[in-house]
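Engineer: I would like the atomic coordinates for the input below:
(one chain, ligands or ions: 2)
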Amino acid sequence: MRSAKLYRYELPMDSGVILREERLKQREGFVVELELDGETGRGEIAPLPGFSLESMDDAYSQLVEQLALWREGRTFEFDKLYPSVAFGLSMAQLELENQLPQSGCYQAAPLCSGDPDELLPKLNAMTGDKVAKIKVGLYEPIRDGMLVSLFLESIPDLTLRLDANRAWTAEKAQQFAKKVAPSLRGRIAFIEEPCQAPGDSFSFAINTGIAIAWDETLQHAIRKDDFKLEDFNGAKAIIIKPTLIGSVQRCIELIERAKALGIKAVISSSIESSLGLTQLARLAQWQLPDEVPGLDTVGLFAQQLEVAWPGCDLPLVRLADQSLIWRS
Ligand SMILES: O=C(O)CCC(=O)c1ccccc1C(=O)O
Ligand SMILES: [Mg+2]
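Structural biologist: Ligands and ions are numbered 1, 2, ... in the order given. This is a model prediction of the structure:
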């Protein structure tokens, strides 16, 4: 017998989380629970404001419709669903069928949004490869360049991932690069989307020798029917945020394609709750065991949901205490 439950959660965020210039005070989303013959599978559906095209209401309508069909024995057609819905339902189905391995990759690349004093103790505590991620583009590019150089010069075994979120013009990106000596550039694993225009980012990579990664560009391109990863060469890596991309199967296809083309794939967070985030860590360990995922976002929350992120001591709230809004 098939049955399904749909919860709606609201979790307070740590103060000061800014997304696309808006303060994110709380995070809302859904958790679906599928049950079949005593097995359960869960998935999280949390459209990210400012990034997802679908709203919570859009996702809700589609979820209720799809869950009713699933109850009747139909299979999900993920390609017809909103990315967040496809991701959450496919994850629930995968768990239900015991196909998502338990072990996860919880080693995070610590995320730093500009204050070096915060990052240094975290880096000193890391064993093994030291990889950190710094958001750039929030201050002057010259300052960013000097900061990046300072880190790379003072910590010789450090590798950095940078993320500019398309903040720079070609000229500003150049100002940044000028402050980073060519001998240090190889330790920038990649910079995500340095420029407003993807073409400028591509030229930046060629001209500076600093590797780039596609994040927003991939999210936009994948919405088109004629999407081909081959058309996005020129980048060393792609950032895969499953909530913004679609079903787990679609993400795996993308990972396989990237591997075949010699492009690094990095599983990354769309600020899911600890429930969805731990599933992403399991997906990352399963599909990309040698790649540090971009999942250092549980600390943006003030609470965790149902499943704790290893090593995180934020209070845990139960799913059963969130609102159960639909069941069948
Ligand atoms: O990719 C990561 O390491 C963490 C996730 C992250 O940075 C992010 C999360 C949600 C929305 C946008 C972004 C971003 O890449 O800027
Ligand atoms: Mg990014």
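
Engineer: and Ala205, what helix or strand is that in?
Structural biologist: Assigned by DSSP states H and E, Ala205 belongs to helix 198-208.

Engineer: swap that for Gly41, please
Structural biologist: Using DSSP H and E, Gly41 falls within strand 39-45.

Engineer: Give me the contacts around that strand.
Structural biologist: Around strand 39-45, the neighbours that count as contacts under C-beta atoms under 8 Å, 6 or more residues apart in numbering are 29-34, 59, 63, 84-85, 87-98, 243, 272-273, 275-276, 279. The way it works is simple: take the backbone N, C-alpha and C, and place the C-beta from them, glycine included.

Engineer: Work out the gap between that strand and the centre of the chain.
Structural biologist: Taking C-alpha atoms, centre = their mean, to the nearest Å, one finds strand 39-45 lying 19 Å from the centre of the chain it belongs to.

Engineer: quick one, the helix or strand that comes right after it and strand 39-45 angle?
Structural biologist: Once the chain leaves strand 39-45, the next helix or strand it forms, by DSSP H and E, is helix 56-71. Helix 56-71 and strand 39-45 meet at an angle of 160 degrees, taking axes from the mean of the first three to the mean of the last three C-alpha atoms, to 10 degrees as the criterion.

Engineer: Compute the distance from the centre of helix 56-71 to the centre of its chain.
Structural biologist: 24 Å.

Engineer: and the chain, which of its residues are near ligand 1?
Structural biologist: Neighbours of ligand 1 within the chain, by C-beta under 6 Å from any ligand atom: 51, 111, 133, 163, 165, 215, 239, 268-271, 294, 296-297.

Engineer: Can you show me the strands along the stretch 51-200 of the chain?
Structural biologist: 111-112, 130-135, 158-163, 188-192 (DSSP state E, counting those that start in this stretch).

Engineer: which neighbours does the first one have in its sheet, and in what orientation?
Structural biologist: Right, strand 111-112. strand 130-135 (parallel) (DSSP bridges).

Engineer: can you tell me if the strand it pairs with touches ligand 2.
Structural biologist: No: figure legend: strand 130-135 not in contact with ligand 2 (C-beta under 5 Å from the ion); closest approach 8.5 Å.

Engineer: okay, the angle between that strand and strand 158-163?
Structural biologist: Going by the same axes, to 10 degrees, strand 130-135 makes 30 degrees with strand 158-163.

Engineer: and strand 130-135, C-alpha only, in PDB?
Structural biologist: In PDB, the C-alpha atoms belonging to strand 130-135 read as follows (Å, rounded to 0.1, in the frame of the first residue of the first chain):
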ATOM      1  CA  LYS A 130      42.800  22.700   2.800                       C
ATOM      2  CA  VAL A 131      40.100  24.000   0.500                       C
ATOM      3  CA  ALA A 132      38.100  27.100   1.300                       C
ATOM      4  CA  LYS A 133      35.500  29.100  -0.500                       C
ATOM      5  CA  ILE A 134      35.500  32.900  -0.500                       C
ATOM      6  CA  LYS A 135      32.700  35.100  -1.800                       C
END
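
Engineer: That strand relative to strand 188-192, how many degrees between them?
Structural biologist: Going by the same axes, to 10 degrees, strand 130-135 makes 30 degrees with strand 188-192.

Engineer: What mean pLDDT does strand 130-135 get?
Structural biologist: Throughout strand 130-135, pLDDT has a mean value of 91.

Engineer: Please report how far whatever residue of the stretch 1-150 of the chain ends up closest to ligand 1 lies from Ser55.
Structural biologist: Per C-beta to the nearest ligand atom, Lys133 is where the stretch 1-150 of the chain lies closest to ligand 1, at 5.0 Å. With distances taken as C-beta to C-beta, to the nearest Å, Lys133 is found 29 Å from Ser55.

Engineer: And these two? Which one has more around it.
Structural biologist: Using other C-beta atoms under 10 Å as the criterion, Lys133 and Ser55 rank with Lys133 on top: 22 against 12.

Engineer: Mind listing the residues bridging to that one?
Structural biologist: With DSSP bridges as the criterion, Lys133 is bridged to Leu111, Arg161.

Engineer: Contact partners for it?
Structural biologist: So Lys133 contacts Ala109, Pro110, Leu111, Cys112, Leu160, Arg161, Leu162, Asp163, Gly294, Asp296 (C-beta under 8 Å, 6+ apart).

Engineer: Isn't the fourth one up against Leu119?
Structural biologist: Yes: the pair Cys112 and Leu119 qualifies as a contact (C-beta atoms under 8 Å) at a distance of 4.1 Å.

Engineer: who touches both of those two?
Structural biologist: Ala132, Ile134.

Engineer: Please work out how many residues are found near Met1.
Structural biologist: Residues near Met1, counting by other C-beta under 10 Å, number 7.

Engineer: who touches it in this structure?
Structural biologist: Going by C-beta under 8 Å, 6+ apart, Met1 touches Leu36, Asp37.

Engineer: The closest residue to ligand 1 within the stretch 201-328 of the chain - nearest residue in space that isn't next to it in sequence?
Structural biologist: Residue nearest to ligand 1 within the stretch 201-328 of the chain: Gly294 (2.6 Å; C-beta to the nearest ligand atom). Nearest residue to Gly294, sequence neighbours excluded (C-beta to C-beta, 6 or more residues apart in numbering): Ser268, at 3.5 Å.
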